[in-house]
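# structure, please.
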Amino acid sequence: MGKKNRNKNKRPPAPPPPPKPKIPLKKRMVSNCMVAVLKYMTPNIRFRISQAVPLMRREEYEAPLHMNRFVCEPAQMMINNTVYKIDRISSISYFDKDDKVGEPSNYLEFRTTSRRRCALERLLTDQTIEEAMIYLTGVFFSWRQGPVHVKCFGVIGNASYLPGDITFKTKCLQLPHSGLEKAIESITTSIDESSFPLDTVVITEARRDHEIMPYHHQWIKEAGYLQILDRQKVVNWLPTMMALTNKEIHLQSWTFLKDECAGLIEDFMEMGRDPGTSISIAMTEETDVKELLQELKQLPGVVRDDKIPEMACAKFPRITFLPIQESENKVMVYVTENECAEQKNKQVYFSKWDVHIAIVKPNEPNQD
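Model prediction:
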């Protein structure tokens, strides 16, 4: 009896294991899993994995690639916080035997610099820097499916070495003042058509050319927000600012002071702009802001209002409305305080004060 009971309590035998899938299906599943993981990795880690493990390159190319920042220069490029730089080094090898001097040797130096690592490689070759950049960007970006997504795409100088079989999708473009037209021309085929119109165009570095036409390029004119930074005191920006037609512009220039700002406001009063147009001018000195507002008080038809304290700063709470010739619209002028000017770890270049010049309709609530 006891033996029969023991047999009754025994578990049924386990089912046979499922048949093993075919090898192609298994490889396909593994490949899909790798793609799903790789698309969430940072670009620079993905590049290192692709170079260290050649068998994973196909999956790395298939995974969508997203970058926060991509800046191209003639001999280097920056991807997020990692810089890839190529230099041409020439050296002469000396031999002690028979006091003979060896032939000069040329090699390329490839340096990778990030916050955590710095790697250096040297290659004995006659390739030019441009040829090496073509090869490097080809390894990183060629054969990918779909455009590479970049939050901010920057170019300084010539970036024609970018591969022609891939495009970059971005809504923010950073350009230099020097060689502005050539910089745009070098990336004309690299920016995906779906990027336009751009949300933001940032023009930086130093401006030394007084020519205005480069700033009328279609990419710049159609941008929703145009930010201009000029660290030199060479060019007067007033003629350029009068010619720009963007809806929203911010200018930071050491040559655009109180008198230039007053001249721009007078141009707005005379020529007018489309309603919604807004220009902000950075100013460093509080005395300049005070003198500008004092001059505006003397203009005919001026109206000052302080009903909207959230728009203006506490130091200059009043909002000034000025008439426009042959138009019912008004020029609205108010001042805000730039908090980033005090946070040295975040922004050190923006000025303390911003003078805002905007076009508003007479039926807007600001004027009640």
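# which residues of this structure fall in helices?
Ranges of helices in the chain, per DSSP state H, are 2-8, 23-38, 43-52, 57-62, 129-141, 180-186, 218-221, 238-243, 258-271, 286-297.
# closest one to V331 among those helices?
The minimum distance between V331 and these falls on helix 258-271, with 4.8 Å, by C-beta to C-beta. (Each C-beta comes from the backbone N, C-alpha and C, glycine too.)
# buried set for that closest one?
K258, E260, C261, A262, G263, L264, I265, D267, F268, M269 (16 or more other C-beta atoms under 10 Å).
# nearest to R318 among these?
Distance to R318, by C-beta to C-beta, is smallest for I265 among the buried residues of helix 258-271, at 15.3 Å.
# okay, that closest one and T170: tell me how far apart.
34 Å (C-beta to C-beta, to the nearest Å).
# and for M242?
Counting by C-beta to C-beta, the gap from M242 to T170 is 29 Å.
# higher neighbour count, those two?
Neighbours per residue (other C-beta atoms under 10 Å) separate M242 from T170, with T170 holding more: 25 against 13.
# is it true that that one touches S190?
No - here T170 does not reach S190: they are 10.0 Å apart, not a contact under C-beta atoms under 8 Å.
# so what's V139 up against?
Q51 (C-beta atoms under 8 Å, 6 or more residues apart in numbering).
# whoops, I mixed them up, K258
By C-beta under 8 Å, 6+ apart, the contact list for K258 reads M283, D288, V289, E291, L292.
# which residue, other than its chain neighbours, is closest to it?
With sequence-adjacent residues excluded and distances taken as C-beta to C-beta, 6 or more residues apart in numbering, K258 is closest to D288, at 4.3 Å.
# count of neighbours near the one you found?
D288: 16 neighbours (other C-beta under 10 Å).
# any idea of the pLDDT on it?
pLDDT, D288: 94.
# could you do F350 as well?
Note for F350: predicted pLDDT of 67.
# same question, G301
Here, the pLDDT recorded for G301 equals 88.
# equivalent analysis for D305, please.
Reported pLDDT for D305: 78.
# cool, K10 as well?
Reported pLDDT for K10: 46.
# residue ranges with poor pLDDT in the protein?
1-29, 91-105, 306-309, 339-350, 363-368 (pLDDT under 70).
# contacting residues for the residue nearest the centre of it?
Taking C-alpha atoms, centre = their mean, the centroid of the chain lies closest to C152, which sits 2.8 Å from it. Residues near C152 by C-beta under 8 Å, 6+ apart: N68, R69, F70, T170, C172, L173, Q174, V202.
# so what pairs up with it in the strands?
Taking DSSP bridges as the rule, C152 bridges to R69.
# any idea how far S195 is from it?
Per C-beta to C-beta, C152 is found 12 Å from S195.
# what of L251?
24 Å.
# more crowded one of the two?
The residue with more neighbours, out of L251 and S195, is L251; 24 against 20, by other C-beta under 10 Å.
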